[in-house]
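K.L.:
I would like to see how this sequence folds:
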Amino acid sequence: MANKPSFILLGTGGFGSYWCQKFLPDLVGPDGIAELVAIVDVNPAAHQNAIEHLNLAPSKCYTDIHKALQENPCDFVAIVLPAHLHEYAVDIALEYDKHILMEKPISDSMEGSSRIYQKVKQAGKKMAITSSHRFDQDKTTLKELIQSKQYGDPHYLVGRFTCNNRAAVSNPREYAHHHFLISSAVHHFDIIRSLSGANAKTVYTQSWNPAWAPFKEHSTALINIEMENGVRAFFEGSKSNATQLNGWKNDYFRAECELATLELDHRKITVRSDLGFPHPKYAEIPLLEQKYWTHQWLIEQFVHWLQGGEAPPNNLEDNFQCTALQYAAIESGLTNQVIDVQAFKQSYLKD
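P.N.:
Now for the predicted structure:
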């Protein structure tokens, strides 16, 4: 596909408004890398986001997804809908033989994620998930630093996401046990997989809800992961702490390597070592520079894939490993058992 790929955006309200306002303006239009031919949102008021920020004609704004696809030939659909609607949207995209770029997670259940995975594979279509935090500037810099082996091999990783969301209980479903792991740790699991350079082998979760937290179910978890290459990882996550230490975009990750400790904290990366020259006692590492990060970078990579380039790191095959890890971690927290992640993943796939 040498020409500029065209697409339909499903969802312009909610998080879809960010696509219209922040992610797509530089990427669509006469000088962009892709052509937006139509949008779909069941709420007509949300169409204004595409009209105002993407200069889309009102005649190209639809409330009916079938009508939009019938009237507007395109190469792929971008799905920016709530997770429980993902399978519905994927089914329609495949019905019209379209490639798919979709917001994370794959679905709101392991069963739904597995069905989507198998349907897309069977249809032979290209699909990627915009699990964006892994592709931020600071995390990418840390990953490149670790994988350069400049400081030797990593042997364990530590990650943290803690904050006070005790007052944010207007939607109790969001803070139930499994939705805590979906809305938070799914990104951090993806980052851990990237930093370690491997998929998960086993996971063990201890999760609970403190007595003072008003959530319906578990809001705190301590999680141990062993990767297939032998790297270990420990993740601390809580939405019921008294304060925020590391929230969204201000992550904490530490990589203990053979020759140094590499630490990311609030978007600053440092290297520490007591081994002497040539290893620094303390040094701050400048972040990598490039034109796009997070969503824009992922959209750019997906378009390049459709044009014959390599599959992006967030392709469906890769992200399904992240999905398996998150739901295996849930299973471990509920059963107090160590879970074999690959066997868990395979158990949901039909022959």
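
K.L.:
element containing residue 287, please.
P.N.:
Here residue 287, judged by DSSP states H and E, is contained in no helix and no strand.

K.L.:
just residue 66 next, same as before
P.N.:
With DSSP H and E as the criterion, the answer for residue 66 is helix 65-71.

K.L.:
what helices and strands are in contact with that helix?
P.N.:
Helices and strands touching helix 65-71, as assessed by 3 or more C-beta pairs under 8 Å, 6 or more residues apart in numbering; DSSP states H and E, comprise strand 6-10, strand 35-40, helix 86-95. Glycine gets a C-beta too; all of them are placed from N, C-alpha and C.

K.L.:
with mean neighbour count added, can I get these in JSON lines?
P.N.:
As requested, those are exported to JSON lines (neighbours: other C-beta atoms under 10 Å):
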{"stretch": "strand 6-10", "mean neighbour count": "24"}
{"stretch": "strand 35-40", "mean neighbour count": "23"}
{"stretch": "helix 86-95", "mean neighbour count": "19"}
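
K.L.:
of those, which is nearest residue 123?
P.N.:
Across those, residue 123 has its closest neighbour in helix 86-95 (4.9 Å, C-beta to C-beta).

K.L.:
which SSE is immediately downstream of the closest one?
P.N.:
Helix 86-95 is succeeded, C-terminally, by strand 99-103 (DSSP H and E).

K.L.:
what's next to the very next helix or strand once past that following strand, contact-wise?
P.N.:
Once strand 99-103 ends, the next helix or strand along the chain (criterion: DSSP H and E) is helix 110-123. The contact list for helix 110-123 (C-beta atoms under 8 Å, 6 or more residues apart in numbering) reads 86-87, 90-91, 94, 97, 100, 105-107, 127, 316, 320, 323-324, 327, 348-350.

K.L.:
now do stretch 306-316
P.N.:
1-2, 5, 75-76, 99, 106, 117, 120-121, 126-131, 134-135, 194, 298, 301-302, 304-305, 317.

K.L.:
for this structure, what helix or strand is lowest in average pLDDT?
P.N.:
In the chain, no helix or strand scores lower on mean pLDDT, DSSP states H and E than helix 177-180, which sits at a mean of 52.

K.L.:
if we can go back for a sec, out of the contacts of stretch 306-316, which are buried?
P.N.:
Among the contacts of stretch 306-316, those scoring as buried are 5, 75-76, 99, 106, 117, 120, 126-131, 134-135, 194, 298, 301-302, 305 (criterion: 16 or more other C-beta atoms under 10 Å).

K.L.:
next, residue 81: secondary structure please.
P.N.:
Recorded secondary structure, residue 81: coil (DSSP: H, G, I helix; E, B strand; the rest coil).

K.L.:
number of residues surrounding it?
P.N.:
21 (other C-beta atoms under 10 Å).

K.L.:
what's the pLDDT at the closest residue to it other than its chain neighbours?
P.N.:
Spatial nearest neighbour of residue 81, excluding adjacent residues (C-beta to C-beta, 6 or more residues apart in numbering): residue 11 at 4.6 Å. Per-residue confidence (pLDDT) for residue 11: 98.

K.L.:
does residue 11 touch residue 83 like I think?
P.N.:
No - between residue 11 and residue 83 there is no contact under C-beta atoms under 8 Å: 11.7 Å.
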